[in-house]
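> below is the structure, and that's it, no one-letter string:
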């Protein structure tokens, strides 16, 4: 059995794969170019990929009819044409659940950092503006008693709600299939999107990226938010219209934003949003702890190995 692994991953996962198959490893932290990826997958039985690899029908055909499985080291899989894979009899696996607590930690880290203006405070010191204590400088936001709106109330959204409760926040939750009872079980009040955006002091996004959520946060929905509201996004960059967000931050339509994801990724250094003091942006580090990334890689390895053996995947993605 032969597999291609499209990135350097934690060694325990490589060891597990080596025990089951011959590995062709792309030995870089950066993704292979699409043309190179197309060459490397020729003749393989399985592909271990990440969310930065474009896995479309053409690439599957380049691999050949023998390929049995595509395993992604991620929860989201919008970079994979899952329907095309199903049509070719290729199983697709992902790593759900494993990122919940780590990503919720980062979402709340971003919320706190934006609320208390931590990046701006660091710049304040570096720019030698800290000359004395000033009663009206760098005033941030209290969390206690504030309203947190959570858009997308799955595992990660619920984990963020648990953290918010500990800070004394009131929680609004929005999800397509969410009931009042389900929201209440997590200390939240169910709200439609319009109501949530108009009432929340902080809005945290936790939806998958699909046709119904692409640019869900846009010029129109941003105008519904409070002028001092802060937007946090740790889901996918495409859920937010980044140009509209830049304009809203620039013009004072909302108070601030903290993003772990951008559109595109990586964000171009000339993107105007990077010039704004009220925009906090980090490079997609939601799952970036050694423990979580190792667990993700091992879970993806198990999907890969099951797939090349013709066994059911522990975590299989179903085409919509």
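Structure received. Here the structure is a predicted model, which is why all the values come from computation and not from measurement.

> so the spatially most central residue of the chain: helix, strand or coil?
In the chain, the centroid-proximal residue (CA atoms, centre = their mean) is residue 235; its distance is 3.4 Å. With DSSP: H, G, I helix; E, B strand; the rest coil as the basis, residue 235 sits in coil.

> give me the spatial nearest neighbour of it, chain neighbours excluded.
residue 205 (4.9 Å; CB to CB, 6 or more residues apart in numbering). Any C-beta I mention is one placed from the backbone N, CA and C, and that applies to glycine too.

> do residue 295 as well
residue 98 (5.0 Å).

> show me where the protein has strands.
Along the chain, counting by DSSP state E, strands occupy 2-5, 22-25, 46-49, 69-72, 91-93, 147-151, 170-174, 189-190, 202-205, 230-233, 256-259, 279-281.

> list the helices and strands the fifth one packs on?
Yep, that's strand 91-93 we're talking about. The criterion is 3 or more CB pairs under 8 Å, 6 or more residues apart in numbering; DSSP states H and E, and the helices and strands that strand 91-93 contacts are strand 69-72, helix 82-87, helix 290-308.

> winner for burial among these?
Of all the helices and strands packed on strand 91-93, strand 69-72 has the most neighbours on average by mean count of other CB atoms under 10 Å, namely a mean of 28.

> other residues contacting it?
Residues outside strand 69-72 that contact it (CB atoms under 8 Å, 6 or more residues apart in numbering): 45-51, 55, 60, 79-80, 85, 90-95, 300-301, 303-304, 306-308, 313.

> what do you get if the cut-off is 6 Å, keeping everything else the same?
Strand 69-72 has contacts (CB atoms under 6 Å, 6 or more residues apart in numbering) with 46-49, 55, 90-94, 300, 303-304, 307-308.

> partner strands of that strand, with direction?
strand 46-49 (parallel), strand 91-93 (parallel) (DSSP bridges).

> residue 248 is nearest to which of the ones you listed?
The closest of the strands paired with strand 69-72 to residue 248 is strand 46-49. By CB to CB, the value is 34.4 Å.

> pull the residues that contact the closest one.
3-6, 41, 55, 69-72, 304, 307-308.

> next up, the contacts around the residue nearest to the centre of the chain.
205-207.

> what's the closest of the strands of the chain to residue 318?
The nearest among those, by CB to CB, is strand 91-93 at 8.7 Å.

> pick the most deeply packed of the strands of the chain.
By mean count of other CB under 10 Å, those have strand 46-49 as the most buried, with a mean of 30.

> now the helices for the protein?
11-18, 34-40, 57-63, 82-87, 100-115, 118-126, 155-166, 180-185, 193-199, 219-222, 242-250, 290-308 (DSSP state H).

> need these in TSV with mean pLDDT and distance to residue 149, can you?
Shown next, in TSV, are the helices of the chain (pLDDT from 0 to 100; distance: least, CB to CB, whole Å):
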stretch	mean pLDDT	distance to residue 149
helix 11-18	98	37
helix 34-40	97	38
helix 57-63	98	38
helix 82-87	97	30
helix 100-115	97	11
helix 118-126	96	22
helix 155-166	97	10
helix 180-185	97	12
helix 193-199	98	4
helix 219-222	98	11
helix 242-250	98	16
helix 290-308	97	26
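
> for those helices, which one sits closest to residue 228?
Using CB to CB, the nearest of the helices of the chain to residue 228 is helix 100-115, at 10.4 Å.

> helices and strands around the closest one, which ones?
Contacting helix 100-115 under the criterion 3 or more CB pairs under 6 Å, 6 or more residues apart in numbering; DSSP states H and E are the following elements: helix 155-166, strand 230-233, strand 256-259.

> give me the contact list for that helix.
The set of residues external to helix 100-115 that reach it, using CB under 6 Å, 6+ apart, is 140-141, 155-156, 159-160, 163, 202, 204, 230, 232, 234, 256, 258, 280, 286-287, 289, 292.

> about what we covered before: could I get the strands of the chain as TSV with mean pLDDT and distance to residue 108?
Below are the strands of the chain laid out as TSV (pLDDT from 0 to 100; distance: least, CB to CB, whole Å):
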stretch	mean pLDDT	distance to residue 108
strand 2-5	98	32
strand 22-25	98	35
strand 46-49	98	29
strand 69-72	98	26
strand 91-93	98	29
strand 147-151	98	10
strand 170-174	98	12
strand 189-190	98	19
strand 202-205	98	8
strand 230-233	98	9
strand 256-259	98	10
strand 279-281	98	13
